[in-house]
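K.L.:
quick one, fold the following:
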Amino acid sequence: MYVASGEIYGGDARLSELLSRFPNLVFKEKLATEKELKAFAKHASQSAALGYIASIESNVFVPSYSGNMARAVEGHRRFLGQRKPINPDRKGLVRPFDELESGQQREASSFSYLVRQMHKNR
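P.N.:
Numbering: from 1, shown residues only. Predicted coordinates for the structure are as follows:
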C-alpha cells in the first residue's frame, strides 16, 4: 500500500497501528534511495510527481484529502479504465472511530459492518 503524502504528523508513533495491520505500507522514501530522492528535495512539484505516478500505478487509490492532486489522480485512473477510487466519508467516520477508541464499540465485526454500510453507495 503506497502512501502519497508529506511527512506524517507524529511520525512512526501515529503510524504504528496502521503499520501493524498493513506491513507492506510504503512511502516514497522506501521506493528510492536517499541519493535518488536528493534530486527532488528542493523541488516540491517534482516530489509530488513521484507520488502521482505511484498513485496512478497502484491497485487501489484512497485519497485522504480531496484536493487537486487527488482529483487529477482519480481522473487519470478512470481514463486508464481502473476502478473507481475509494472516497471515505471522513466526517461520518469520526463518531465510529471515537467509539472504537473509547471502548464503546467493542466488536470489530460490528465496526466493520458500520463502515461498509456507511460507504455502500459512495
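
K.L.:
centroid-wise, who is the farthest residue in the chain?
P.N.:
Distance from the centre of the chain peaks at Q104, with 26.0 Å (Cα atoms, centre = their mean).

K.L.:
so where's this protein shaky on pLDDT?
P.N.:
Within the chain, the segments meeting pLDDT under 70 span 6-7.

K.L.:
just the helices in this protein please.
P.N.:
11-21, 28-31, 34-38, 44-57, 68-79, 90-102, 108-118 (DSSP state H).

K.L.:
mind listing what's buried in the fourth one?
P.N.:
Spelled out, that is helix 44-57. 47, 50-52, 54-55 (16 or more other Cβ atoms under 10 Å). All C-beta atoms are positioned from the backbone trio N, CA, C, and that covers glycine.

K.L.:
how far out from the middle of the chain is that helix?
P.N.:
What separates the centre of helix 44-57 from the centre of its chain is 14 Å, taken as Cα atoms, centre = their mean, to the nearest Å.

K.L.:
same check, this time on the third one
P.N.:
Shown here is helix 34-38, whose average C-alpha point lies 23 Å from the average C-alpha point of the whole chain (Cα atoms, centre = their mean).

K.L.:
any chance you could list what contacts it?
P.N.:
28-29, 47 (Cβ atoms under 8 Å, 6 or more residues apart in numbering).

K.L.:
for the second one, same thing?
P.N.:
Residues outside helix 28-31 that contact it (Cβ under 8 Å, 6+ apart) are 2, 4, 37, 47, 50-51, 54.

K.L.:
what of the fourth one?
P.N.:
Contacts of helix 44-57 with the rest of the structure, by Cβ under 8 Å, 6+ apart, involve 2, 4-5, 28, 31-32, 37, 39-41, 61, 69, 72-73, 76-77, 80.

K.L.:
can you count the residues close to Y9?
P.N.:
7 (other Cβ atoms under 10 Å).

K.L.:
next one: G10
P.N.:
For G10, using other Cβ under 10 Å, the count is 9.

K.L.:
related to what we said a few turns ago, what is the nearest of the buried residues of helix 44-57 to A13?
P.N.:
Nearest to A13 among the buried residues of helix 44-57 is G51, at 22.5 Å by Cβ to Cβ.
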